[in-house]
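Trainee: sharing a model that was predicted from the sequence below.
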Amino acid sequence: MKFEWRRRSPARPWLLLRPRADGGWHWCLLDSGVLRDEGQGRPPQNLSARVAVVMPGEACSLFQLPAPPGLKREEWPLLLEDRLQQGSDEVHCACIGRAAGQLRLVVVARERLDGWLAQCAEWGLEVERCWSQFQLLPVLDRGCGWQWRQEQSSLYARLDEDGAEHWLAWPQVLGPAPAPWDTQVLEQVDGRWPQRIADLDTLPTQRETRRPRRSLKVTGRQKRLIAACLVLAAVWGGLWSSQQWRQAQLYRQQVLAVTGPQATPRQAAQALKRLRDADGERALRLRRLDGLQEQLQAWLRAHPQWRLRAVRFDGQRWHLQLDGEGTLAPWHEMAAAVGAAVQVQAQGAVFDLGSSS
């Protein structure tokens with residue numbers, strides 16, 4: 001009997017595509033982890049490369065949260081309801097790591113991700129992977145970090161002594177990064193693409209995409225194996241259904257743990273309403289904070305003689321201190337635009353974004 005051993009084909013290069021804020025694109029071609037070519041706009045055709053979309057760091061948020069065992073993929077956004085301004089159906093949530101009962105989740109607006117993938121499809125490119133820009137650099141050691149300086153902003157990442165990873169995208173118009181980033185000793189990375197890139201073949205992806213599969217000829221023996229697999233799948237399906245029923249009972253207990261023991265269903269509904277109201281107040285404060293940040297950035301761009309000296313948010317009040325000369329910022333107009341109260345101080349202000357829960 002002769003065995004024909006198939007030689008492993010050489011690894012195909014990677015074509016990385018990163019959208020810009022102005023609607024343009026940056027791209028680069030990596031062969032065995034080495035940067036071979038790069039450019040802007042639509043990439044060249046017929047590169048015979050695997051395609052991946054690199055989501056801008058400014059568009060991604062990283063969360064490391066405790067998660068109950070058995071949590072399903074579609075339930076990950078529920079962990080972030082009190083931390084996001086959008087609804088759970090408006091964001092795409094992906095897990096890039098697990099450790100000690102916690103999940104590391106990366107969140108991006110679903111509409112933006114779908115738009116980037118649609119543009120690649122219009123170019124005739126089949127996207128296999130999606131990564132955050134923060135994921136491109138190699139894994140950090142504890143207590144270490146890096147700063148990736150770009151045209152309009154800088155990306156910061158560090159791994160603290162407890163093993164928790166932190167990301168920050170900081171616009172250069174706001175001046176130096178806030179504490180503790182301004183005192184960290186960070187490895188510097190410059191340019192559109194880093195010279196040293198992580199192992200892309202093992203990098204967790206943000207969205208699974210299916211690659212086209214070639215049709216295979218099935219022999220009689222293989223058909224019998226397929227039939228046996230179908231039987232095993234049916235048995236497994238029965239076991240899975242039983243497990244799902246047990247999981248449903250567990251979820252009921254978890255809901256009870258959130259609301260606490262209640263004498264009547266009406267009291268349980270009132271407890272849930274109070275929780276929803278508290279979440280609504282937090283979401284309102286975050287929306288007001290986002291509006292104030294946009295106004296402040298626009299004012300600083302129009303008044304380059306001023307710079308941000310200190311900023312702090314305690315969950316209800318946003319404290320600002322500026323350095324500069326000339327006309328003060330229109331604090332009252334900014335507050336009125338978002339429906340917040342403001343207390344003007346010397347070269348600064350304190351915005352009250354609403355009553356704390």
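Mentor: Arrived safely, thanks for sending. Numbers count the residues shown, from 1 in each chain.

Trainee: now do the contacts for residue 31.
Mentor: Neighbouring residues of residue 31 by Cβ atoms under 8 Å, 6 or more residues apart in numbering: residue 13. For every residue, glycine as well, the C-beta is placed using N, CA and C.

Trainee: quickly list what it is bridged to.
Mentor: Beta bridges link residue 31 to residue 34, judged by DSSP bridges.

Trainee: tell me the confidence at it?
Mentor: On pLDDT, residue 31 comes in at 89.

Trainee: can you show me the strands along the stretch 201-350 of the chain?
Mentor: Counting by DSSP state E, counting those that start in this stretch, the stretch 201-350 of the chain has strands at residues 307-313, 317-323, 341-345, 348-352.

Trainee: elements contacting the second one?
Mentor: By that I understand strand 317-323. When contacts are defined as 3 or more Cβ pairs under 8 Å, 6 or more residues apart in numbering; DSSP states H and E, strand 317-323 packs onto helix 265-302, strand 307-313, strand 348-352.

Trainee: cool, the last one as well?
Mentor: Taking 3+ Cβ pairs under 8 Å, 6+ apart as contact, the helices and strands that strand 348-352 lies on are strand 317-323, helix 331-338, strand 341-345.

Trainee: could you identify which of the ones you listed is most buried?
Mentor: Comparing these by mean neighbour count (mean count of other Cβ atoms under 10 Å), strand 317-323 ranks first with a mean of 18.

Trainee: the stretch 1-150 of the chain: helices as residue ranges?
Mentor: 110-122 (DSSP state H, counting those that start in this stretch).

Trainee: pLDDT below threshold where in it?
Mentor: Scanning the stretch 1-150 of the chain for pLDDT under 70 picks out the ranges 1-10.

Trainee: just send the helices and strands packed on strand 348-352 back as CSV, with mean pLDDT too.
Mentor: Formatted as CSV, the helices and strands packed on strand 348-352 follow (pLDDT from 0 to 100):
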stretch, mean pLDDT
strand 317-323, 90
helix 331-338, 91
strand 341-345, 90
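
Trainee: of these, which approaches residue 254 most closely?
Mentor: Among these, the nearest to residue 254 by Cβ to Cβ is strand 317-323 (33.5 Å).

Trainee: got the helices and strands packed on strand 348-352 as JSON lines, with distance to residue 293 columns?
Mentor: Formatted as JSON lines, those follow (distance: least, Cβ to Cβ, whole Å):
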{"stretch": "strand 317-323", "distance to residue 293": "9"}
{"stretch": "helix 331-338", "distance to residue 293": "10"}
{"stretch": "strand 341-345", "distance to residue 293": "14"}
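
Trainee: quick one: closest of those to residue 184.
Mentor: Among those, the nearest to residue 184 by Cβ to Cβ is strand 317-323 (21.3 Å).
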